[in-house]
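1. fold the following and give me the result.
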Amino acid sequence: MAKASVENVYADRSKVTDKLVDRYFELTLREGNRQAFVDRLNMSTDKSSFQKIRLIQKRTLILWGEEDKLIPLKMAHRFHNDLQNDTLVILKGLGHIPMEESPNQSLVPVMSFLKNVE
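-> Residues are numbered from 1 along each chain as shown. As a prediction, this is how the structure comes out:
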């Protein structure tokens, strides 16, 4: 189950090693994590909360994996349309956690964004 979960967030499944799966599994065993997961599943969803994103005025970097299977790419574009002062970067060939799947590829737009923050 842990392996399937990790494979679901990586676009390149060849990067899903036993060591990586073990790390994620060990995180599930940490005190409080199981209860936090159950609590998250039981949370009611406020369907209007997404509208609050329009209130954000600070410069914002949206970093999105093109192959994200958990949150569709169309949501990145929705955030981009709703934010007043954003930079949208879509990382080719990466999944839900691009900063972990390809740290070097993810770091380039982050460093560029930070150099231009006032």
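2. dig out what residue 65 forms beta bridges with.
-> Beta-bridge partners recorded for residue 65 (DSSP bridges): residue 91.
3. list the contacts of residue 9.
-> 69-70, 95-97, 101 (C-beta atoms under 8 Å, 6 or more residues apart in numbering). Heads up, the C-betas are built off the backbone N, CA and C, glycines and all.
4. now do the strands in the chain.
-> Assigned strands in the chain, in chain order: 60-65, 86-91 (criterion: DSSP state E).
5. give me the contacts around the first one.
-> In this case it means strand 60-65. Strand 60-65 is contacted from outside by 11, 73, 76, 79-80, 83, 85-91, 94-99, 101, 106, 109-110, 113, using C-beta under 8 Å, 6+ apart.
6. ditto for the last one
-> Outside of strand 86-91, the residues within contact range by C-beta under 8 Å, 6+ apart are 59-66, 73, 76-77, 79-80, 98, 102, 105-106, 109, 113.
7. relative to strand 60-65, how tilted is it?
-> Strand 86-91 runs at 20 degrees relative to strand 60-65, counting by axes from the mean of the first three to the mean of the last three C-alpha atoms, to 10 degrees.
8. what's the spacing between strand 86-91 and its chain's center?
-> Per C-alpha atoms, centre = their mean, to the nearest Å, the displacement of strand 86-91 from the mean C-alpha position of its chain is 12 Å.
9. quick one: buried residues of that strand?
-> 86, 88-91 (16 or more other C-beta atoms under 10 Å).
10. using TSV, lay out the residues you listed together with pLDDT and distance to residue 46.
-> Below are the buried residues of strand 86-91 laid out as TSV (pLDDT from 0 to 100; distance: C-beta to C-beta, whole Å):
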residue	pLDDT	distance to residue 46
86	94	22
88	97	24
89	98	28
90	98	27
91	98	29
